[in-house]
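Asker: Got a predicted structure plus its sequence, pasted below:
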Amino acid sequence: MKHGVAVIVGATGLIGQRLANHLQGTGAWDLIGLCRNATRPSPIPLLSVDLVDATSCRQALAGLDAVTHVFYTARFDHPEGVHESVETNATMLRNVVDAIDAASPRLAHVHAVHGTKYYGHNLGPIPVPASEDSPRASRVNFYFPQEDYLRERSKVRPWTWSTSRPHIFCDDSPGTPRNLPLLIAVYASVLREAGEPLYFPGTEASFRARTQFTDLSMLSRMIEWMAITPACANQAFNVVNGDCPRWCDLWPVFAACFDMQPGPVRPARLREMMAPRAAQWDAIVTRHALKPSSLGDAVLWEYGDYVFWPEWDIVSDMKKARQHGFTEQLDSARQLVALFDRMRAQRIIP
Ligand SMILES: NC(=O)c1ccc[n+]([C@@H]2O[C@H](COP(=O)([O-])OP(=O)(O)OC[C@H]3O[C@@H](n4cnc5c(N)ncnc54)[C@H](OP(=O)(O)O)[C@@H]3O)[C@@H](O)[C@H]2O)c1
(Lines give C-alpha, C1' and ligand atoms only; values in the text may rest on other atoms or scores of the structure.)
Protein backbone atom coordinates (compact mmCIF):
# COMPACT_ATOMS: atom_id res chain seq x y z
CA MET A 1 0.00 0.00 0.00
CA LYS A 2 1.30 3.46 -0.89
CA HIS A 3 1.49 5.93 1.99
CA GLY A 4 2.02 8.96 -0.20
CA VAL A 5 4.43 11.32 -1.90
CA ALA A 6 7.12 12.52 0.46
CA VAL A 7 9.73 15.26 0.32
CA ILE A 8 12.83 14.67 2.44
CA VAL A 9 14.32 18.07 3.18
CA GLY A 10 18.07 17.74 3.78
CA ALA A 11 18.11 14.33 2.06
CA THR A 12 21.91 14.21 1.88
CA GLY A 13 22.45 14.80 5.60
CA LEU A 14 23.11 12.15 8.23
CA ILE A 15 19.50 11.31 9.07
CA GLY A 16 18.24 12.46 5.65
CA GLN A 17 20.30 9.80 3.86
CA ARG A 18 19.23 7.02 6.20
CA LEU A 19 15.56 8.06 6.01
CA ALA A 20 15.75 8.14 2.21
CA ASN A 21 17.17 4.60 2.20
CA HIS A 22 14.53 3.39 4.63
CA LEU A 23 11.49 4.93 2.92
CA GLN A 24 12.77 3.86 -0.51
CA GLY A 25 13.16 0.31 0.80
CA THR A 26 9.55 0.10 1.98
CA GLY A 27 8.23 0.72 -1.53
CA ALA A 28 5.36 2.64 0.06
CA TRP A 29 6.47 6.14 -0.91
CA ASP A 30 7.21 8.23 -3.96
CA LEU A 31 10.18 10.31 -2.88
CA ILE A 32 12.05 13.44 -3.73
CA GLY A 33 14.95 14.93 -1.75
CA LEU A 34 15.94 18.58 -1.29
CA CYS A 35 19.38 20.06 -0.56
CA ARG A 36 21.70 22.65 -2.12
CA ASN A 37 24.28 20.23 -3.52
CA ALA A 38 22.14 17.80 -5.50
CA THR A 39 25.15 16.12 -7.14
CA ARG A 40 25.79 13.92 -4.09
CA PRO A 41 24.89 10.23 -4.32
CA SER A 42 21.36 9.46 -3.14
CA PRO A 43 18.92 6.58 -3.60
CA ILE A 44 16.18 9.10 -4.44
CA PRO A 45 15.93 11.94 -6.97
CA LEU A 46 17.32 15.20 -5.62
CA LEU A 47 16.25 18.75 -6.33
CA SER A 48 18.63 21.62 -5.61
CA VAL A 49 17.17 24.49 -3.61
CA ASP A 50 18.49 27.02 -1.09
CA LEU A 51 15.94 27.03 1.72
CA VAL A 52 17.22 30.32 3.06
CA ASP A 53 15.76 32.13 0.05
CA ALA A 54 11.94 32.20 0.20
CA THR A 55 11.45 33.33 -3.40
CA SER A 56 13.68 30.72 -5.03
CA CYS A 57 12.19 28.12 -2.70
CA ARG A 58 8.67 28.89 -3.95
CA GLN A 59 9.83 28.88 -7.57
CA ALA A 60 11.79 25.63 -7.28
CA LEU A 61 9.02 23.79 -5.44
CA ALA A 62 5.98 25.15 -7.33
CA GLY A 63 5.66 21.93 -9.33
CA LEU A 64 5.41 19.66 -6.26
CA ASP A 65 1.62 19.58 -6.40
CA ALA A 66 1.09 16.00 -5.19
CA VAL A 67 3.17 16.05 -1.99
CA THR A 68 1.45 14.48 1.03
CA HIS A 69 4.32 14.42 3.54
CA VAL A 70 7.30 16.60 4.39
CA PHE A 71 10.16 15.08 6.39
CA TYR A 72 12.33 17.97 7.51
CA THR A 73 15.87 16.75 8.34
CA ALA A 74 17.90 19.84 7.34
CA ARG A 75 20.03 22.10 9.48
CA PHE A 76 22.11 25.06 8.41
CA ASP A 77 25.93 24.73 8.27
CA HIS A 78 27.68 25.29 11.57
CA PRO A 79 31.00 24.40 13.13
CA GLU A 80 30.79 22.25 16.25
CA GLY A 81 30.70 24.06 19.58
CA VAL A 82 28.98 27.26 18.42
CA HIS A 83 25.32 28.12 18.90
CA GLU A 84 23.44 27.26 15.68
CA SER A 85 21.58 30.15 14.07
CA VAL A 86 18.04 30.23 15.40
CA GLU A 87 16.78 32.68 12.80
CA THR A 88 18.29 30.96 9.73
CA ASN A 89 17.08 27.50 10.72
CA ALA A 90 13.62 28.79 11.60
CA THR A 91 13.42 30.58 8.24
CA MET A 92 14.49 27.45 6.31
CA LEU A 93 11.70 25.32 7.76
CA ARG A 94 9.11 28.06 7.27
CA ASN A 95 10.17 28.68 3.66
CA VAL A 96 9.98 25.06 2.59
CA VAL A 97 6.72 24.28 4.38
CA ASP A 98 5.06 27.45 3.08
CA ALA A 99 6.23 26.66 -0.46
CA ILE A 100 5.01 23.05 -0.43
CA ASP A 101 1.79 24.01 1.33
CA ALA A 102 1.13 26.53 -1.46
CA ALA A 103 2.00 24.01 -4.20
CA SER A 104 0.22 20.89 -2.94
CA PRO A 105 -3.42 20.74 -1.84
CA ARG A 106 -2.73 17.18 -0.64
CA LEU A 107 -0.23 18.05 2.12
CA ALA A 108 -1.24 15.95 5.15
CA HIS A 109 1.71 15.87 7.55
CA VAL A 110 4.99 17.65 8.33
CA HIS A 111 7.61 15.97 10.49
CA ALA A 112 10.73 17.77 11.77
CA VAL A 113 13.75 16.06 13.32
CA HIS A 114 14.83 17.91 16.46
CA GLY A 115 16.87 16.60 19.41
CA THR A 116 17.61 16.41 23.11
CA LYS A 117 19.03 19.95 23.00
CA TYR A 118 15.35 20.84 23.35
CA TYR A 119 15.84 20.14 27.07
CA GLY A 120 19.21 21.93 27.26
CA HIS A 121 21.46 18.95 28.06
CA ASN A 122 24.25 20.80 26.27
CA LEU A 123 24.04 23.76 28.66
CA GLY A 124 24.30 21.91 31.98
CA PRO A 125 22.60 19.23 34.07
CA ILE A 126 18.90 18.65 33.35
CA PRO A 127 16.28 16.69 35.31
CA VAL A 128 16.28 13.10 34.04
CA PRO A 129 14.68 11.25 32.51
CA ALA A 130 13.59 14.11 30.26
CA SER A 131 10.05 13.61 29.02
CA GLU A 132 8.38 15.39 26.15
CA ASP A 133 6.63 17.82 28.49
CA SER A 134 9.83 18.68 30.40
CA PRO A 135 10.69 22.39 30.26
CA ARG A 136 12.46 23.82 27.26
CA ALA A 137 16.15 24.74 27.57
CA SER A 138 16.90 28.07 29.23
CA ARG A 139 18.57 29.31 26.04
CA VAL A 140 16.53 29.51 22.80
CA ASN A 141 17.55 27.08 20.08
CA PHE A 142 16.11 26.67 16.60
CA TYR A 143 13.81 23.81 17.63
CA PHE A 144 11.56 26.22 19.54
CA PRO A 145 10.52 28.59 16.71
CA GLN A 146 10.27 25.62 14.33
CA GLU A 147 7.95 23.74 16.67
CA ASP A 148 5.93 26.89 17.43
CA TYR A 149 5.54 27.58 13.72
CA LEU A 150 4.31 24.03 13.00
CA ARG A 151 1.89 24.14 15.92
CA GLU A 152 0.40 27.53 15.00
CA ARG A 153 0.35 27.07 11.21
CA SER A 154 -1.25 23.63 11.38
CA LYS A 155 -4.18 25.12 13.31
CA VAL A 156 -5.29 26.98 10.17
CA ARG A 157 -4.19 24.42 7.57
CA PRO A 158 -5.43 20.90 6.87
CA TRP A 159 -2.12 19.18 7.79
CA THR A 160 -0.79 17.82 11.06
CA TRP A 161 2.78 17.82 12.42
CA SER A 162 5.11 15.79 14.60
CA THR A 163 8.69 16.16 15.81
CA SER A 164 11.30 13.65 16.98
CA ARG A 165 13.85 14.30 19.73
CA PRO A 166 16.78 11.90 19.20
CA HIS A 167 20.19 12.04 20.87
CA ILE A 168 23.66 11.08 19.50
CA PHE A 169 23.15 9.75 15.96
CA CYS A 170 24.67 6.33 15.29
CA ASP A 171 25.06 5.12 11.73
CA ASP A 172 27.60 3.57 9.38
CA SER A 173 27.18 6.00 6.48
CA PRO A 174 30.48 7.15 4.93
CA GLY A 175 31.28 10.80 4.35
CA THR A 176 29.53 12.13 7.43
CA PRO A 177 32.15 13.48 9.86
CA ARG A 178 29.69 14.29 12.69
CA ASN A 179 29.27 10.57 13.35
CA LEU A 180 30.22 9.11 16.74
CA PRO A 181 30.88 5.44 15.81
CA LEU A 182 33.25 6.61 13.08
CA LEU A 183 34.94 9.02 15.48
CA ILE A 184 35.47 6.31 18.11
CA ALA A 185 36.78 3.87 15.50
CA VAL A 186 39.28 6.30 13.96
CA TYR A 187 40.41 7.49 17.42
CA ALA A 188 40.92 3.90 18.60
CA SER A 189 42.77 2.84 15.45
CA VAL A 190 45.24 5.72 15.72
CA LEU A 191 45.95 5.06 19.41
CA ARG A 192 46.41 1.36 18.67
CA GLU A 193 48.82 2.21 15.85
CA ALA A 194 50.91 4.11 18.42
CA GLY A 195 50.78 1.19 20.87
CA GLU A 196 48.67 3.17 23.33
CA PRO A 197 45.60 2.01 25.26
CA LEU A 198 42.12 3.36 24.55
CA TYR A 199 42.21 6.45 26.78
CA PHE A 200 38.85 7.99 27.61
CA PRO A 201 39.23 11.59 26.41
CA GLY A 202 36.64 13.14 28.77
CA THR A 203 36.90 13.61 32.54
CA GLU A 204 36.62 11.25 35.54
CA ALA A 205 33.08 12.56 36.16
CA SER A 206 31.96 12.30 32.52
CA PHE A 207 33.36 8.74 32.38
CA ARG A 208 30.80 7.77 35.02
CA ALA A 209 27.90 9.80 33.55
CA ARG A 210 25.01 8.11 31.80
CA THR A 211 24.39 8.82 28.14
CA GLN A 212 22.19 7.57 25.32
CA PHE A 213 22.21 7.00 21.58
CA THR A 214 19.83 6.96 18.63
CA ASP A 215 20.33 4.36 15.94
CA LEU A 216 19.39 6.02 12.65
CA SER A 217 17.64 2.99 11.17
CA MET A 218 15.39 2.94 14.23
CA LEU A 219 14.87 6.70 14.02
CA SER A 220 13.85 6.32 10.37
CA ARG A 221 11.31 3.64 11.23
CA MET A 222 9.96 5.79 14.03
CA ILE A 223 9.69 8.90 11.86
CA GLU A 224 7.63 6.94 9.35
CA TRP A 225 5.48 5.54 12.17
CA MET A 226 4.78 9.04 13.53
CA ALA A 227 3.84 10.28 10.08
CA ILE A 228 1.28 7.56 9.36
CA THR A 229 -0.15 7.01 12.86
CA PRO A 230 -3.06 9.38 13.49
CA ALA A 231 -2.61 9.15 17.28
CA CYS A 232 0.87 10.71 16.91
CA ALA A 233 -0.42 13.86 15.21
CA ASN A 234 0.58 17.26 16.60
CA GLN A 235 3.05 15.89 19.13
CA ALA A 236 6.75 15.49 19.89
CA PHE A 237 8.39 12.13 20.71
CA ASN A 238 11.73 11.28 22.29
CA VAL A 239 13.62 8.76 20.13
CA VAL A 240 16.52 6.97 21.80
CA ASN A 241 17.65 3.35 21.83
CA GLY A 242 16.08 2.94 25.26
CA ASP A 243 19.11 2.19 27.45
CA CYS A 244 21.40 4.69 29.17
CA PRO A 245 24.86 3.16 29.64
CA ARG A 246 27.76 4.85 31.42
CA TRP A 247 30.85 5.55 29.30
CA CYS A 248 32.87 3.50 31.80
CA ASP A 249 30.75 0.44 30.91
CA LEU A 250 31.01 1.01 27.17
CA TRP A 251 34.74 1.71 27.07
CA PRO A 252 35.94 -1.89 27.66
CA VAL A 253 33.50 -3.06 24.96
CA PHE A 254 34.94 -0.59 22.47
CA ALA A 255 38.51 -1.48 23.47
CA ALA A 256 37.82 -5.17 22.86
CA CYS A 257 36.47 -4.35 19.38
CA PHE A 258 39.85 -2.89 18.48
CA ASP A 259 42.00 -5.42 20.39
CA MET A 260 43.13 -2.79 22.86
CA GLN A 261 43.37 -2.30 26.59
CA PRO A 262 40.77 0.15 27.93
CA GLY A 263 43.04 2.93 29.08
CA PRO A 264 42.53 5.31 31.99
CA VAL A 265 40.79 8.65 31.70
CA ARG A 266 43.03 11.17 29.96
CA PRO A 267 41.18 14.45 29.29
CA ALA A 268 41.98 15.79 25.83
CA ARG A 269 40.56 18.18 23.28
CA LEU A 270 40.48 15.78 20.39
CA ARG A 271 41.36 18.10 17.51
CA GLU A 272 44.57 19.17 19.29
CA MET A 273 45.37 15.63 20.37
CA MET A 274 44.88 14.14 16.90
CA ALA A 275 46.49 16.92 14.83
CA PRO A 276 50.07 15.51 15.04
CA ARG A 277 48.87 11.98 14.21
CA ALA A 278 47.77 12.44 10.59
CA ALA A 279 50.64 10.31 9.27
CA GLN A 280 49.61 7.40 11.50
CA TRP A 281 46.11 7.43 10.01
CA ASP A 282 47.56 7.65 6.49
CA ALA A 283 49.64 4.55 7.25
CA ILE A 284 46.55 2.70 8.52
CA VAL A 285 44.57 3.64 5.39
CA THR A 286 47.34 2.36 3.13
CA ARG A 287 48.09 -0.85 5.05
CA HIS A 288 44.42 -1.87 5.30
CA ALA A 289 43.51 -0.61 1.80
CA LEU A 290 40.79 1.61 3.25
CA LYS A 291 38.76 4.12 1.27
CA PRO A 292 40.91 7.26 1.07
CA SER A 293 40.38 9.75 3.90
CA SER A 294 42.45 12.18 5.93
CA LEU A 295 42.47 12.36 9.71
CA GLY A 296 41.49 16.04 9.73
CA ASP A 297 38.45 15.63 7.45
CA ALA A 298 37.16 12.10 8.10
CA VAL A 299 35.93 13.00 11.55
CA LEU A 300 34.68 16.18 13.23
CA TRP A 301 36.88 15.94 16.32
CA GLU A 302 35.11 18.78 18.15
CA TYR A 303 31.97 16.62 18.08
CA GLY A 304 33.82 14.17 20.35
CA ASP A 305 34.40 16.94 22.90
CA TYR A 306 30.66 17.73 22.84
CA VAL A 307 29.85 14.06 23.44
CA PHE A 308 32.56 13.02 25.94
CA TRP A 309 32.77 16.05 28.24
CA PRO A 310 29.32 16.49 29.89
CA GLU A 311 29.65 15.42 33.54
CA TRP A 312 25.93 14.83 34.07
CA ASP A 313 23.46 12.12 33.08
CA ILE A 314 21.65 12.59 29.77
CA VAL A 315 18.59 10.33 29.70
CA SER A 316 15.31 10.65 27.81
CA ASP A 317 12.10 8.91 28.77
CA MET A 318 10.68 6.63 26.06
CA LYS A 319 7.40 5.98 27.86
CA LYS A 320 5.32 8.15 25.57
CA ALA A 321 6.40 6.34 22.40
CA ARG A 322 5.79 2.97 24.09
CA GLN A 323 2.31 4.03 25.16
CA HIS A 324 1.54 5.08 21.59
CA GLY A 325 2.67 1.71 20.24
CA PHE A 326 6.34 2.05 19.22
CA THR A 327 8.05 -0.60 21.33
CA GLU A 328 11.42 -1.13 19.61
CA GLN A 329 14.38 -1.06 21.96
CA LEU A 330 18.07 -1.50 21.19
CA ASP A 331 21.12 -2.47 23.23
CA SER A 332 23.44 0.44 22.43
CA ALA A 333 26.71 -1.43 23.07
CA ARG A 334 25.71 -4.24 20.72
CA GLN A 335 24.42 -1.76 18.17
CA LEU A 336 27.69 0.20 18.18
CA VAL A 337 29.73 -2.99 17.80
CA ALA A 338 27.54 -3.94 14.83
CA LEU A 339 28.15 -0.50 13.29
CA PHE A 340 31.94 -0.94 13.69
CA ASP A 341 31.61 -4.26 11.85
CA ARG A 342 29.58 -2.68 9.06
CA MET A 343 32.10 0.16 8.66
CA ARG A 344 34.89 -2.45 8.48
CA ALA A 345 32.97 -4.26 5.76
CA GLN A 346 32.76 -0.99 3.81
CA ARG A 347 36.54 -0.47 4.27
CA ILE A 348 36.02 2.81 6.11
CA ILE A 349 37.89 1.66 9.24
CA PRO A 350 40.46 -1.13 9.85
N1 LIG B 1 23.92 14.72 14.14
C2 LIG B 1 23.48 14.32 15.34
O3 LIG B 1 24.15 13.54 16.06
C4 LIG B 1 22.14 14.80 15.83
C5 LIG B 1 21.70 14.34 17.10
C6 LIG B 1 20.44 14.73 17.56
C7 LIG B 1 19.65 15.57 16.78
N8 LIG B 1 20.11 16.01 15.56
C9 LIG B 1 19.21 16.88 14.77
O10 LIG B 1 18.87 16.24 13.55
C11 LIG B 1 18.58 17.21 12.54
C12 LIG B 1 19.36 16.86 11.29
O13 LIG B 1 20.74 16.89 11.61
P14 LIG B 1 21.87 16.13 10.73
O15 LIG B 1 23.08 16.08 11.62
O16 LIG B 1 21.33 14.88 10.14
O17 LIG B 1 22.10 17.22 9.57
P18 LIG B 1 23.31 17.28 8.51
O19 LIG B 1 23.98 15.96 8.39
O20 LIG B 1 24.13 18.48 8.85
O21 LIG B 1 22.53 17.55 7.13
C22 LIG B 1 22.00 18.79 6.82
C23 LIG B 1 21.21 18.69 5.50
O24 LIG B 1 20.57 19.97 5.27
C25 LIG B 1 20.90 20.40 3.95
N26 LIG B 1 20.95 21.87 3.97
C27 LIG B 1 21.68 22.66 4.80
N28 LIG B 1 21.47 23.95 4.50
C29 LIG B 1 20.58 23.97 3.47
C30 LIG B 1 19.98 25.01 2.72
N31 LIG B 1 20.25 26.31 2.95
N32 LIG B 1 19.12 24.69 1.72
C33 LIG B 1 18.85 23.38 1.45
N34 LIG B 1 19.38 22.36 2.15
C35 LIG B 1 20.24 22.65 3.13
C36 LIG B 1 22.27 19.77 3.65
O37 LIG B 1 22.52 19.62 2.26
P38 LIG B 1 23.38 20.74 1.43
O39 LIG B 1 24.59 21.07 2.25
O40 LIG B 1 23.67 20.10 0.10
O41 LIG B 1 22.46 21.90 1.28
C42 LIG B 1 22.07 18.38 4.28
O43 LIG B 1 21.37 17.56 3.38
C44 LIG B 1 18.93 18.58 13.17
O45 LIG B 1 17.78 19.18 13.71
C46 LIG B 1 19.84 18.19 14.32
O47 LIG B 1 19.83 19.16 15.36
C48 LIG B 1 21.32 15.63 15.07
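Answerer: Arrived safely, thanks for sending.
Asker: how near is Leu191 to Phe254?
Answerer: 11 Å (Cβ to Cβ, to the nearest Å). From N, CA and C alone the C-beta is placed, and that goes for glycine too.
Asker: Nearest to the spatial middle of this structure, which residue is it?
Answerer: Among the residues of the chain, Phe169 comes closest to the average C-alpha position under Cα atoms, centre = their mean, at 4.1 Å.
Asker: just checking, that one is part of a strand?
Answerer: Yes. Phe169 forms part of a strand when assessed by DSSP: H, G, I helix; E, B strand; the rest coil.
Asker: Pick out the residue of the chain closest to the ligand.
Answerer: Distance from the ligand to each residue of the chain (Cβ to the nearest ligand atom) is smallest for Gly13, at 2.1 Å.
Asker: That residue contacts Arg75, correct?
Answerer: Yes. Gly13 sits in contact with Arg75 when judged by Cβ atoms under 8 Å, with a separation of 7.2 Å.
Asker: So which bits of stretch 194-203 are buried?
Answerer: Within stretch 194-203, the residues that count as buried by 16 or more other Cβ atoms under 10 Å are Leu198, Tyr199, Phe200, Pro201, Gly202, Thr203.
Asker: what sits against the last one?
Answerer: This means Thr203. Val265, Pro267, Trp309, Glu311 (Cβ atoms under 8 Å, 6 or more residues apart in numbering).
Asker: thinking again about what came up before, neighbours of the residue of the chain closest to the ligand, how many?
Answerer: 22 (other Cβ atoms under 10 Å).
Asker: ok, for it, nearest residue in space, not its chain neighbours?
Answerer: Thr73 (5.6 Å; Cβ to Cβ, 6 or more residues apart in numbering).
Asker: give the contact list for the one you found.
Answerer: Thr73 neighbours (Cβ under 8 Å, 6+ apart): Ile8, Val9, Gly10, Ala11, Gly13, Ile15, Gly16, Leu19, Val113.
Asker: among these, which two are most distant?
Answerer: Ala11 and Val113 (12.1 Å; Cβ to Cβ).
Asker: what's in contact with stretch 10-19?
Answerer: Contacts for stretch 10-19 (Cβ under 8 Å, 6+ apart): 8-9, 20, 33-35, 37, 40, 42, 44, 46, 71-75, 113, 166, 169, 171, 173, 176, 178-179, 216-217, 219-220, 223.
Asker: check which helix or strand covers the closest residue to Asp249 other than its chain neighbours.
Answerer: Nearest non-adjacent residue to Asp249, counting by Cβ to Cβ, 6+ apart: Ala333, 7.6 Å away. Assigned by DSSP states H and E, Ala333 belongs to helix 332-345.
Asker: which of the residues in that helix are buried?
Answerer: By neighbour count on 16+ other Cβ under 10 Å, the buried set for helix 332-345 is Ser332, Ala333, Gln335, Leu336, Val337, Ala338, Leu339, Phe340, Met343, Arg344.
Asker: Let me have these in CSV, adding distance to the ligand as columns.
Answerer: Converted to CSV, these look like this (distance: Cβ to the nearest ligand atom, whole Å):
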residue, distance to the ligand
Ser332, 14
Ala333, 18
Gln335, 14
Leu336, 14
Val337, 19
Ala338, 18
Leu339, 13
Phe340, 17
Met343, 16
Arg344, 21
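Asker: Also near the ligand: which of the contacts of stretch 10-19, exactly?
Answerer: Restricting the contacts of stretch 10-19 to those within reach of the ligand (Cβ under 6 Å from any ligand atom) leaves Leu34, Cys35, Asn37, Thr73, Ala74, Arg75, Val113, Pro166, Phe169, Arg178.
Asker: how many neighbours does the closest residue to Leu290 other than its chain neighbours have?
Answerer: Closest residue in space to Leu290, ignoring its immediate chain neighbours: Arg347 at 5.1 Å, by Cβ to Cβ, 6+ apart. By other Cβ under 10 Å, the residues close to Arg347 number 13.
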